[in-house]
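Undergrad: Sequence first, predicted coordinates after that:
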Amino acid sequence: MDPHLLRTFVTVARVASFSDAARELGYTQSAVSQHIAALEQDLGTVLLTRRPVAPTPAGERLLDHAGPLLLRLDAARAEVVRMAAAPEQGLTLAVTPTALTTRTARALPSSGVTLTVLPREGIPAAVAAGTADLGLVDGLAAPSDPLRLPDVAPLTARGVAEEPVAVLLPEGHPLARRAGLRLGDLVDARWLDAPGVAPSPARLRTANGTSGFRPALRYDGTDLRTLTALAAAGHGLVLLPRSAAEGVPGTVAVPLTAPRVVHRTELLHAGTLRGPAAALAAQVDVTRS
């Protein structure tokens, strides 16, 4: 299967237009149509309906495979290019909004660092594709358990930090004076749905093993200050690492006592580390502490 044809197919399916895909890819519309026709001939089935442009059932199945396949090709190319190139002095680090600990920040080189904040699901892809040398990703986990990350490419994950989590409440909330809270007691509470910054209501349902946790407001950004301002204004509760939840004006951070979960942070990389990336990894790897 020609990866160039596959990329064209993915783009057409995403934008639902042959002409828009042509503009995005820098091809003529005729070339895009020829790519799709060649791919369909190769696979012996129709992948896209034309009016409207939409994946057929076979096309939907191909899309499930296409993303990981293309990402692995990008990862392979990036790794080979890195091996062939002269050693770089800079470091590109992709992080989630709550993943950068003080310890890790202190370990960063004093110059030559590019820091990019991405949603959690974007970190493995950025590292695999070579747009980031290292990634810091975080999430809920049982103590000492690794995070469950998407299998986008062969990546190495190193534990960086674990800390308790807390429920962020407005100061006037009826539960704000509690010494601790069980997640099961908050099933019927209103929650902020901010998957780019904090565990989503769906993740909370999984952690607690129940239904509930209805979202009151959806926030699609990655700015932690905006999220905590929404919590302080009473738009919903949010679960955060203790270091991010404590000291927010207008709020109270109440420790989560059950289930027994922690906020875990992991450092991701692809291939063999060299230069500044290897130095940073050595300093923050908890297995060497």
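TA: Sure thing, it's come through.
Undergrad: ok, V160 - contacts?
TA: V160 makes contact with T101, R103, T104, L136, T265, E266, L267, V284, D285, V286 under the criterion C-beta atoms under 8 Å, 6 or more residues apart in numbering. Yep, even glycine has a C-beta here, placed from its N, CA and C like the rest.
Undergrad: Which one of those residues sits in the busiest neighbourhood?
TA: T265 (28 neighbours; other C-beta atoms under 10 Å).
Undergrad: Check the gap between it and G212 for me.
TA: For T265, the distance to G212 (C-beta to C-beta, to the nearest Å) stands at 27 Å.
Undergrad: any residues touching stretch 244-262, and which ones?
TA: Residues outside stretch 244-262 that contact it (C-beta under 8 Å, 6+ apart): 98, 140-143, 162-171, 173, 175-184, 207-208, 224, 228, 231-233, 239-240, 242.
Undergrad: okay, how far is it across it, tip to tip?
TA: Start and end residues of stretch 244-262 are separated by 13 Å (C-alpha to C-alpha, to the nearest Å).
Undergrad: How about that stretch, which residues are buried there?
TA: A244, A245, V248, T251, V252, A253, V254, L256, V261, V262 (16 or more other C-beta atoms under 10 Å).
Undergrad: what's the pLDDT at T287?
TA: On the pLDDT scale, T287 is placed at 54.
Undergrad: Worst mean pLDDT across the helices and strands of the protein, which element?
TA: For the chain, using mean pLDDT, DSSP states H and E, the weakest element among its helices and strands is helix 57-84, scoring a mean of 80.
Undergrad: Who are the packing partners of that helix?
TA: helix 3-15, helix 122-129 (3 or more C-beta pairs under 8 Å, 6 or more residues apart in numbering; DSSP states H and E).
Undergrad: Going by residue numbers, what spans are helices in the chain?
TA: Counting by DSSP state H, the chain has these helices, from start to end: 3-15, 18-25, 29-43, 57-84, 102-107, 122-129, 201-208, 224-232, 242-245, 275-284.
Undergrad: picking that back up, highest mean neighbour count out of the helices and strands packed on helix 57-84?
TA: The highest mean neighbour count among the helices and strands packed on helix 57-84, using mean count of other C-beta atoms under 10 Å, belongs to helix 122-129: a mean of 24.
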